[in-house]
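> Got a sequence here, can you build the structure:
(one chain, ligands or ions: 2)
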Amino acid sequence: MPDELDVRPYDALLLLSFGGPEGPDDVVPFLENVTRGRGIPRERLEEVGQHYYLFGGVSPINDQNRALLAALREDFAAHGLDLPVYWGNRNWAPYLTDTLREMVRDGRRRILVLATSAYASYSGCRQYRENLADALAALEQEGLEPPRVDKLRHYFNHPGFVRPMVDGVLASLAELPEEVRDGAHLAFTTHSIPTSQAETSGPEGGAYVAQHLDVARVIADAVREETGVDRPWELVYQSRSGAPHIPWLEPDICDHLEALSERGAPAAVMVPIGFVSDHMEVLYDLDTEAKAKAGELGLPVARSATVGADPRFAAAVRDLVVERAAAERGGRPERCALGALGPSHDVCPVGCCPGRTPRPAAAGADSPYA
Ligand SMILES: CC1=C(CCC(=O)O)c2cc3nc(cc4[nH]c(cc5[nH]c(cc1n2)c(C)c5CCC(=O)O)c(CCC(=O)O)c4C)C(CCC(=O)O)=C3C
Ligand SMILES: [Fe+2]
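Ligands and ions are numbered 1, 2, ... in the order given. Modelled structure (predicted):
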């Protein structure tokens, strides 16, 4: 048996994810959960519903989280990290509030949260924190003493998140016809968000785009070193939602593929760095829609894998847990990070990644729960 790793003061890890439908009957209620109060046009919802029906009404995200849970438990057990791992979602069962209630009933008082979103932004960070605050409030209403909840730092630049994506790009390049491989562009993609949200992301603003650019550069550099070929790369966006008159980050991946084709690019690899698993935004927006677009253009494309349940990602989570526990005990742990930005903060400062209207958010400096 390995020596036991010190995770005091924590007594549990919570995998906090988006959630997704598990059958056709779940699709509409799931979309209602996601878009409640968010001003998404009806037509957009109907369109996104069709994406899910195309895949039998099942999002792959839940099985991907089950696989990640298994990978985390296996990694923790193999390395003497004695920490139970739970799973709860923002928008579908198992719901966050139900999981937190179970955790409290199991006696968990100091909970560390791993969100399946690696970057700063309202949608990718504070919204998860608001949902945590709502769940804690619900437990309080039920007469339960809310546990203390902390969130792991953003892991976009952790080597265990980045390295599997480098391998993914190398595998995708190998899938392309040999004669276009060296000229292939790398199209790094992430979820588009309103430009106003991008501008206010992180403690000083602009973090969403800056963090993605940093990761894209690290991956492009690593691929150049591995292959000896310097390929052009760009950061582009996908899965735009919202009303058309509100500006969102651009260009869209499909417009980008068209521009590449016009510029005479021989091929492209789409690299979904914005996502942690190959969920619906990847399967539909890239593998279905963007690939169809590339087919029309006669542009050879491949799409590289997200980290999913890669054992290196599970090991990165272990590293982050041990690091954060040491910091909570007053130590100065080593903090792994690639790229130019350095390791992200442990505790989101007051006011970072603001939403449209202020709401209580847990696991940050402005949390109403200690
Ligand atoms: C930044 C970001 C991430 C990455 C960080 C993270 O992972 O959290 C992400 C992930 C995801 N988004 C997902 C699904 C959806 N997102 C929607 C809508 C929106 N996303 C937004 C942003 C993000 N979204 C925004 C600004 C909106 C507009 C509405 C609003 O302001 O809140 C809608 C409504 C319909 C539509 O308009 O598309 C759906 C169905 C799924 C599940 C996929 C599956 O089922 O496999 C996942 C992982
Ligand atoms: Fe989304």
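
> quick one, what contacts Ala207?
Ala207 makes contacts with Tyr119, Ala120, Ser121, Ser201, Cys353, as judged by Cβ atoms under 8 Å, 6 or more residues apart in numbering. Bear in mind the C-beta positions are built from the backbone N, C-alpha and C, glycine included.

> same thing with Thr227?
Contacts for Thr227 (Cβ under 8 Å, 6+ apart) come out as Leu170, Leu173.

> State the distance from it to Asp182.
8 Å (Cβ to Cβ, to the nearest Å).

> Would you mind measuring from the residue nearest to the spatial centre of the chain to ligand 1?
The chain has Ser117 as the residue nearest its centroid, 2.5 Å off, counting by Cα atoms, centre = their mean. Counting by Cβ to the nearest ligand atom, to the nearest Å, the separation of Ser117 from ligand 1 is 4 Å.

> so that residue touches Arg129, yeah?
No - checked against Cβ atoms under 8 Å, the pair Ser117 and Arg129 is beyond contact range at 11.0 Å.

> Give me the mean pLDDT for the lengthiest helix in the chain.
For the chain, the longest helix by residue count, based on DSSP state H, is helix 207-227. For helix 207-227, the mean pLDDT works out to 98.

> Start at 160, not 1
Renumbered: residue one is now 160, and that last one reads helix 366-386.

> Output that helix as PDB - backbone C-alpha positions only.
Taking C-alpha atoms only, helix 366-386 is exported to PDB below (Å, rounded to 0.1, in the frame of the first residue of the first chain):
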ATOM      1  CA  ALA A 366      -9.600  35.900 -18.400                       C
ATOM      2  CA  TYR A 367     -11.800  33.600 -20.500                       C
ATOM      3  CA  VAL A 368     -10.100  34.400 -23.800                       C
ATOM      4  CA  ALA A 369      -6.600  34.900 -22.200                       C
ATOM      5  CA  GLN A 370      -6.700  31.400 -20.600                       C
ATOM      6  CA  HIS A 371      -7.800  29.700 -23.800                       C
ATOM      7  CA  LEU A 372      -5.100  31.500 -25.900                       C
ATOM      8  CA  ASP A 373      -2.500  30.400 -23.300                       C
ATOM      9  CA  VAL A 374      -3.600  26.700 -23.500                       C
ATOM     10  CA  ALA A 375      -3.800  26.900 -27.300                       C
ATOM     11  CA  ARG A 376      -0.300  28.200 -27.500                       C
ATOM     12  CA  VAL A 377       1.100  25.500 -25.200                       C
ATOM     13  CA  ILE A 378      -0.600  22.800 -27.300                       C
ATOM     14  CA  ALA A 379       0.500  24.300 -30.600                       C
ATOM     15  CA  ASP A 380       4.100  24.500 -29.300                       C
ATOM     16  CA  ALA A 381       4.100  20.900 -28.100                       C
ATOM     17  CA  VAL A 382       2.700  19.700 -31.400                       C
ATOM     18  CA  ARG A 383       5.400  21.600 -33.300                       C
ATOM     19  CA  GLU A 384       8.100  20.100 -31.100                       C
ATOM     20  CA  GLU A 385       6.700  16.600 -31.500                       C
ATOM     21  CA  THR A 386       6.200  16.700 -35.300                       C
END
